[in-house]
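Novice: the following comprises the amino acid sequence and a computationally predicted model.
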Amino acid sequence: MAEVVIVGSEDEAGELAAGAMLELIRRRPDTVLGLATGSTPLSTYRALARRIGEDGLDVSRVRGFALDEYVGLPAGHPESYRQVITREVVEPLGLTPSLVHVPNGDPETIRTAAEAYDDAITAAGGVDLQILGIGRTGHIGFNEPGSSLASRTRVKTLTEQTRADNARFFDSPDDVPMHCVTQGIGTILQARHLVLLAFGEGKADAVAAAVEGPVSASQPGSAVQLHPHATVIVDEGAAAKLEHADYYRYVFANKPAWQGI
């Protein structure tokens, strides 16, 4: 099963995840990072940017692949994930823009965009560490309930709940695109290390289903149970419905420090 780490705050979670990413970059300067968007990973990106600056670490060869992209947003739209990744990851961390990839959501080329993206990940040698969030519907990436656990990168239709959750980033709920290109669950599971972050009581049901429930396409997040190296970092709110929370705290408190996460 996944390792579950319960922390006191988003900032503490960010420090843990950033530490794992930093260690990877030190060992392998051309590390491939899997990049999530949304508010959940922001504390991780802030911590990583600060620690890169403090260490004077060269990240010019670090590569990245975003989880997903909306279909049909105009080029340069501030809420396209290309722009979000540039604004929240590439620029603060000092990454080389040409080495950070986002699926192509252009409707003109959408029929080949998904396969091309999977091919690019394979050509890069695969993702070393994939940052994930989880939606209230249980989705990871934009793999909504019912997504095949073997799915590859593809075009998906977003649920009304996901569109409503993302409406805060747009001028109007009607402006949230209906479709996206997302890495599939099978694609995500090929990353060598998964780090899933979740904060707040609103995510408690999804976290409990992902970590302790049955593995099911109805709960896409439960796919982390199939991965040999998955770390789930949650705050007390998101951990509120975990049956074995005390055990997870005990295990992490007594874990050898050299093992990291």
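Specialist: Thanks, I have it.

Novice: thought Leu22 was touching Ile52?
Specialist: Yes: counting by Cβ atoms under 8 Å, Ile52 is a contact partner of Leu22 at 7.3 Å. From N, CA and C alone the C-beta is placed, and that goes for glycine too.

Novice: in terms of packing, which of these two has more residues around it?
Specialist: Ile52 (21 against 18; other Cβ atoms under 10 Å).

Novice: from Thr31, how far out is that one?
Specialist: Ile52 sits 12 Å away from Thr31, taking Cβ to Cβ, to the nearest Å as the criterion.

Novice: what about the residue nearest to Ser216 when sequence neighbours are not counted, neighbour count?
Specialist: Of all residues beyond its chain neighbours, the one nearest Ser216 is Ser222 (5.7 Å), with distances taken as Cβ to Cβ, 6 or more residues apart in numbering. Look at Ser222: counted by other Cβ under 10 Å, it has 23 neighbours.

Novice: isn't Ser222 up against Gly213?
Specialist: Yes: contact criterion Cβ under 8 Å: Ser222 and Gly213 qualify, at 5.8 Å.

Novice: which residues in the stretch 151-261 of the chain form strands?
Specialist: For the stretch 151-261 of the chain, applying DSSP state E, counting those that start in this stretch gives strands covering 154-157, 179-182, 194-198, 230-235.

Novice: quick one: the residue nearest to Ser216 from Asp235, how far?
Specialist: From Ser222 across to Asp235, the span is 20 Å (Cβ to Cβ).

Novice: so for stretch 129-146, what gets flagged as buried?
Specialist: Buried residues in stretch 129-146, counted by 16 or more other Cβ atoms under 10 Å: 129-145.

Novice: quick one: it to chain centroid distance?
Specialist: Mean C-alpha position of stretch 129-146 versus that of the full chain (Cα atoms, centre = their mean, to the nearest Å) differs by 8 Å.

Novice: next, the distance between the ends of that stretch.
Specialist: 25 Å (Cα to Cα, to the nearest Å).

Novice: same check, this time on stretch 236-252
Specialist: For stretch 236-252, the first and last residues are 15 Å from each other (Cα to Cα).

Novice: got it, and stretch 82-94?
Specialist: With Cα to Cα as the measure, stretch 82-94 spans 16 Å from end to end.

Novice: which residues touch that stretch?
Specialist: When contacts are defined by Cβ atoms under 8 Å, 6 or more residues apart in numbering, stretch 82-94 is touched by residues 35, 37, 42, 45-46, 48-49, 52, 59-60, 62, 64, 66, 69, 76-78, 95, 97, 100, 102.

Novice: change it to 7 Å
Specialist: Contacts with stretch 82-94, where a contact means Cβ atoms under 7 Å, 6 or more residues apart in numbering, come from 35, 37, 42, 45, 48-49, 52, 59, 64, 66, 69, 76-77, 95, 97, 100, 102.

Novice: which among those count as buried?
Specialist: Among these, those classed as buried by 16+ other Cβ under 10 Å are 35, 37, 42, 45, 48-49, 52, 59, 64, 66, 69, 77, 95, 100, 102.

Novice: now the longest helix belonging to the chain: buried residues?
Specialist: For the chain, the longest helix by residue count, based on DSSP state H, is helix 10-27. Neighbour counts over helix 10-27 (16+ other Cβ under 10 Å) mark 10, 12-22, 24-25 as buried.

Novice: in this structure Arg51 contacts Ala20, no?
Specialist: No: in this structure, Arg51 is not within contact of Ala20 by Cβ atoms under 7 Å, at 11.4 Å.

Novice: check contacts around the residue lying closest to Val4 once chain neighbours are set aside.
Specialist: Counting by Cβ to Cβ, 6+ apart, Tyr248 is the residue found nearest to Val4 once chain neighbours are left out, at 4.0 Å. Neighbouring residues of Tyr248 by Cβ under 7 Å, 6+ apart: Val4, Ile6, Leu242.
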